[in-house]
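**Q** Just to be clear, the model below is a prediction. Sequence and coordinates:
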Number of protein chains: 2
Amino acid sequence: MGTAEMISEEVAGQVTKTEGRHSIFEDEARKMPLPVCPVFLGKDGEIRPARFRETNIALTLKNPEQLQRVFPKTLSKNRNVVLEGIADESLRSITGKRVAVLFSGGPAAGGHNVLAGLKAALGKGNSLLGIRKGPKGLLNGDVFEISSQALQNILNTGGFDFLGTDRTKIKTQDQFEKLKETVLKNRLDGLVIVGGDDSNTNAAFIAEVFEKEGIRCSVIGIPKTIDGDMAVGNLLPISFGFDTATKIYSELVGNLTQDAASAVKYWHFVKLMGRTASKITLEVALQTKPAIALISEEIAEKNMSLEDIVDYIVWVITERRLKGINHGVILIPEGLVEFIPEMRTLIQELNKILAEYGRDIQDLPTLKNKQEFIYPLLSPQSAQLMASLPEEMEEMLILDRDDHGNVKVSQIETEKLLVEKIRYRVSELKRHPDKFFGKGESRIDATPEQVEKVRSMSLSTQSHFLGYEGRSAKPTLFDAAFAFLLGLTAGSLVLDGKTGYMAAVTDFDKGGRVMALPLVGLVTSEMRKGKQEHVIEKSLVTINSPSFVVFAENRERWAKEDLFSSPGPIQHWGPTSRQLPISVALDQSYKDFRNFDLGEERQVKLE
Amino acid sequence: MGTAEMISEEVAGQVTKTEGRHSIFEDEARKMPLPVCPVFLGKDGEIRPARFRETNIALTLKNPEQLQRVFPKTLSKNRNVVLEGIADESLRSITGKRVAVLFSGGPAAGGHNVLAGLKAALGKGNSLLGIRKGPKGLLNGDVFEISSQALQNILNTGGFDFLGTDRTKIKTQDQFEKLKETVLKNRLDGLVIVGGDDSNTNAAFIAEVFEKEGIRCSVIGIPKTIDGDMAVGNLLPISFGFDTATKIYSELVGNLTQDAASAVKYWHFVKLMGRTASKITLEVALQTKPAIALISEEIAEKNMSLEDIVDYIVWVITERRLKGINHGVILIPEGLVEFIPEMRTLIQELNKILAEYGRDIQDLPTLKNKQEFIYPLLSPQSAQLMASLPEEMEEMLILDRDDHGNVKVSQIETEKLLVEKIRYRVSELKRHPDKFFGKGESRIDATPEQVEKVRSMSLSTQSHFLGYEGRSAKPTLFDAAFAFLLGLTAGSLVLDGKTGYMAAVTDFDKGGRVMALPLVGLVTSEMRKGKQEHVIEKSLVTINSPSFVVFAENRERWAKEDLFSSPGPIQHWGPTSRQLPISVALDQSYKDFRNFDLGEERQVKLE
């Protein structure tokens, strides 16, 4: 080709040198110091494990009789009392302990720092073992010893790829037997489960089984989820991963608000990840001030129908149009459909029909046959709703099932459903203005000129889904610190012989307070498919929380004027790098969201 | 609600204080200094306009006779010679000039700094006017005077929203009359057009018309496009906006590579914006080292069919599977379909059929009727290809047209087409391994165990489109500086009485060299719908460019092993904030991509 001599060997070398997670950025990030709470600092200034003492806080059991029956051993041991970390160097002399850790569920930024924190707490006298590919690896005994060198190399990096993860639920007797085999074979003194509500529920059950059977292995959970639905009042303001994910989504949504205002023609419909809670959407709204942000919990609380939501969106679009603003951004939480009462009813009816007649329906050759079979079994309201949905969506509801045979709710393209309904409504509004404008109830009062202005509007829409790109990112300085501290907490709890707790850190505004929450105190009972199940309660948006109230107080202005702001990309250096989530700062009554304080910075050296 | 007292008034106040583009980040960004090339610095160290002198470089005219006929005045005046900026303070005393600027086409990061650079060159003695909503505003006379205060407020911010933009093409006599009216009515001495290839072509035509008609108004173009297809050898390494867009996409793709490796099950198919050139995809590949990156220009060059591409992807998926890697990321340039020879033929045939029988086809009631009409008119190859496409795509090809009645190529969901074809191929491979494995040509040689390993593979795919979120972002330090310097260059050219040039800056590695490229020298002739049209030539990826060669030398390793790296979010402070695009560093034979050098930093104070 004769171009070889033109190639800059230096830059070509930089390309290969940055392979394998060694980008310029990743190599610099590895070197960054982390803040450490005072209870984890010895008199010599070095990092060391803390001890724990009881606080005067006991969690309220949600269903005391039931829980007493299911978790008798743990309850009698921990008495549901919250523990607090204290400065005490006595655990420093413990050696020979073997502690294993696994990731469970979707990735969240900071996972690798949890491992580093665990190792830092255990010190060189004890072993940290990694379990590959999540709970499945725990059952299969896929365990290896993690070297300090390997940990040093993943410090402050994103992703869960050092261990991998999966979503296996540990429920059956057979699974518990396999799990015990892994624990006994590897002589584990501790098992740390990094996961969401389901995984921490698992941790509670495993702790109980171990207590019952006299297996001396501490079981500790670590709250991980980008959704923000693992939070316990002011004891645990949030899980790790939320800050990074919401800051990435806020960066992108901020860019889209600017793009909408620049191209002056697009309405961007943005669905945001978050299986149930709308906490991500609320945080991104507080960061970016978009034209519209739908909050599922409010919609359920106010019993809003799909048509009510469409009404609201079209009202905002029209109001803005009258002011000459022909663009905007609409945030939609991923879990929305399940909070719209009529949609929830439809999905429940469909699940019931599929459970009863699944095979018959499967055997019918065409979609049309299946529809003819299903429609008469639906309530009239649900049948009407189903018929009003776009055909693709109807097809998906009938044909796509999850492993349990249920409708795959997470696959429903809510953003496209809304786009379709709104486009239709706007075209109606343009074709039959007499139906919508004029004086009287539920009509828009507008001058003839205003009506014409709305009729001349062209609605250009783009839909987006932001999700995966926020889960495995390099953690923010906050998530890097928080996850490291959670690892330190969990390692300390194991050395201190505690079991059945979830590690927690709070008081992000004043140096950090280290906590341990009794897992059983977080568990509630839920009916799932006709069976009573015990699960850790999800923390949802409540409409009287400060974060929601502040959003609700401002949203009408954000709807009517272009007041968006763009929080920019996550910074790891410089004046904007230490911001907390705004919703967390509000709900914790902090005085400032611009700077977190989790202790003194230390260069982490694992050995 | 009784919660008012719980609300932190401080944080609630911060929420409203950050409204309207005043996030913590945006306010800090406004304060950042910008580097300034020596030719723009006076003896007093202040920013001032440069003058220009001829270099010994003349551009080669692509079609001299044609161009001589179309641009006689400009060619005789500028003689197609490249100019270079020199330090000369004589323009500092000019006052009373009126210069207008507009944005054209899609947004790109840095636009607001172009305006700041223009104002800084003009100084307080001259006026900078803004034209709202792009070329349309130029025709409608939508012009206003930009205050220094307003400019100071948008310094270093993203988006084009200060002026807005649109895509009106100025072609007709009537349009030229309106344009002249705006120029004369506003007594403009200069018109600066910030845009891509089409907009700069417009600038060339407008300059010619003004010369011909004795209108003394300089016309200067500024190269803007995220696509990276405006580049002229070592005179203009890239347009502004490319660096920011590719760094955002690289951040997100880096996160997806980590997510794929963490969840250990997903293949992420990522389509990247970039209408024609694959430069964005190439840069993102050099940054992130994904399993696969398709480069349209290579596919056209090698005459690869859709099936060839599917073969390649399935080969990589299988090879990785055999190594236990069941995940990866595939980058797909947005313009791909038009570079696949058979797809291009199909689209051309369809456009011809639609042009001839559009109305007849439109009148046919069902899609099936339309298909029955169209198929016999296609060549056998195209009919076969059409029949092999997913139904949705076929529907789109037949039903969706752009304003000119052509197939809407940009709407083709290439990533989903590939996902569908690959899923089908993999299922074939699993059901009929005998067809694919074994000895012999185009078969995969594998042991029976390996065959079983491939057969047990489950292929989970996710598709993504990254585009809008990269256009309006806050510019990187590089784009902020580059755009400001381009504005300084354009403002200086106007004061120096030059017309028909595109502002350019080069030598990003050694302080920056300021250039002016004669627009006509960039123009080529193209057949568009049977008519000879003059357009600025797009700069595409060439397979003997250093950037492509380095990519091609490494990609097999990146395909077979997980060597991804994650360049992280754009940093505006700290050790990683001054990186150049890798592809630019390679193609310009720089020695390092980690630090650009565009001169001494100055705090920009506009007055």
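**A** Happy to help now that I have it.
**Q** Please parse chain A into its domains.
**A** In terms of domains, chain A is parsed into A:23-241+A:475-534+A:573-602, A:243-334+A:411-470, A:342-410 (source: automatic domain parsing).
**Q** nearest to chain B, of these?
**A** When the domains of chain A are ranked by proximity to chain B, the top entry is domain A:23-241+A:475-534+A:573-602, at 2.7 Å, counting by Cβ to the nearest Cβ. From N, CA and C alone the C-beta is placed, and that goes for glycine too.
**Q** can the closest one be found next to chain B?
**A** Yes. Figure legend: domain A:23-241+A:475-534+A:573-602 in contact with chain B (Cβ under 8 Å from any Cβ of the partner chain); contacting residues A:23-26, A:28-29, A:103, A:106-107, A:111, A:133, A:157-161, A:164-166, A:573-577, A:579, A:582, A:585-586, A:589-594.
**Q** from what I can see A:Arg21 touches B:Phe564, true?
**A** Yes. Checked against Cβ atoms under 8 Å, the pair A:Arg21 and B:Phe564 is within contact range at 7.2 Å.
**Q** Can you say which of the residues of domain A:23-241+A:475-534+A:573-602 next to chain B are buried?
**A** Among these, those buried by neighbour count (16 or more other Cβ atoms under 10 Å in any protein chain shown) are A:23-26, A:28-29, A:103, A:106-107, A:111, A:133, A:157-161, A:164-166, A:573, A:576-577, A:579, A:582, A:585-586, A:589-590, A:593.
**Q** Of the residues of domain A:23-241+A:475-534+A:573-602 next to chain B, which belong to strands?
**A** Among those, the members found in strands (DSSP state E) are A:Phe103.
**Q** Do a quick rundown of the strands in the stretch 151-300 of chain A.
**A** Using DSSP state E, counting those that start in this stretch, the strands of the stretch 151-300 of chain A run over A:190-195, A:218-223, A:266-272, A:292-293.
**Q** hmm, the last one touching chain B?
**A** What that stands for is strand A:292-293. No. When contact is scored as Cβ under 8 Å from any Cβ, no part of strand A:292-293 falls within range of chain B; the minimum is 13.2 Å.
**Q** helices and strands around that strand, which ones?
**A** Contacts defined by 3 or more Cβ pairs under 8 Å, 6 or more residues apart in numbering or on different chains; DSSP states H and E place strand A:292-293 against helix A:279-288, helix A:306-322, strand A:328-333, helix A:546-560.
**Q** B:Asp434 is nearest to which of those?
**A** Closest of those to B:Asp434 is strand A:328-333, at 47.5 Å (criterion: Cβ to Cβ).
**Q** downstream neighbour of the lowest-mean-pLDDT helix or strand in chain A in the secondary structure list?
**A** Lowest by mean pLDDT, DSSP states H and E among the helices and strands of chain A is strand A:523-528, with a mean of 80. Proceeding N to C from strand A:523-528, the next assigned helix or strand is strand A:531-536, under DSSP states H and E.
**Q** Give the pairing partners of that following strand; include direction for each.
**A** Strand pairing for strand A:531-536, determined by DSSP bridges: strand A:523-528 (antiparallel).
**Q** Next, give phi and psi for A:Ala503.
**A** A:Ala503 has phi and psi values of phi -70, psi 140 when expressed as degrees, to the nearest 10.
**Q** so it makes contact with A:Thr489?
**A** Yes. At 3.9 Å, A:Ala503 and A:Thr489 qualify as touching, with contact defined as Cβ under 8 Å.
**Q** Now the common contact residues for those two.
**A** A shared contact of A:Ala503 and A:Thr489, defined by Cβ atoms under 8 Å, 6 or more residues apart in numbering or on different chains, is any residue touching both; here these are A:515-516.
**Q** A:Lys538 looks like it's in a helix, true?
**A** No. Assignment of A:Lys538 by DSSP: H, G, I helix; E, B strand; the rest coil gives coil, placing it outside any helix.
**Q** ok, A:Leu115 to A:Val99 distance?
**A** A:Leu115 sits 11 Å away from A:Val99 when distances are taken as Cβ to Cβ, to the nearest Å.
**Q** Hmm, I typed the wrong one, I wanted A:Ile374.
**A** According to Cβ to Cβ, A:Ile374 stands 52 Å off from A:Val99.
**Q** and if you look at A:Leu399?
**A** The gap separating A:Leu399 from A:Val99 is 46 Å, by Cβ to Cβ.
**Q** Apart from its chain neighbours, what residue comes closest to A:Gly141?
**A** Spatial nearest neighbour of A:Gly141, excluding adjacent residues (Cβ to Cβ, 6 or more residues apart in numbering or on different chains): A:Thr182 at 4.4 Å.
**Q** Next, count neighbours for that neighbour.
**A** By the criterion of other Cβ atoms under 10 Å in any protein chain shown, A:Thr182 has 19 neighbours.
**Q** what's near enough to touch it?
**A** Counting by Cβ under 8 Å, 6+ apart, A:Thr182 touches A:131, A:138-141, A:143, A:188.
**Q** Pull out the buried members of those residues.
**A** Buried by 16+ other Cβ under 10 Å: A:131, A:138-139, A:143, A:188, out of the contacts of A:Thr182.
**Q** Between the residues you listed, which sits nearest B:Val253?
**A** Proximity of the buried ones among the contacts of A:Thr182 to B:Val253, judged by Cβ to Cβ, is greatest for A:Ile131, which lies at 28.8 Å.
**Q** what's the closest non-adjacent residue to that closest one?
**A** For A:Ile131, the spatially nearest residue (Cβ to Cβ, 6+ apart) is A:Leu102, at 3.9 Å.
**Q** so how many other residues sit close to that neighbour?
**A** Counted with other Cβ under 10 Å, the neighbours of A:Leu102 add up to 27.
**Q** likewise A:Glu213?
**A** Neighbour count for A:Glu213, taken as other Cβ under 10 Å: 10.
**Q** ok, now A:Gly42?
**A** By the criterion of other Cβ under 10 Å, A:Gly42 has 13 neighbours.
**Q** So what's the predicted local confidence for it?
**A** In the prediction, the pLDDT value recorded for A:Gly42 is 94.
**Q** For the closest residue to it other than its chain neighbours, give me the pLDDT.
**A** Spatial nearest neighbour of A:Gly42, chain neighbours left out: A:Arg48 (4.5 Å); criterion: Cβ to Cβ, 6+ apart. pLDDT, A:Arg48: 96.
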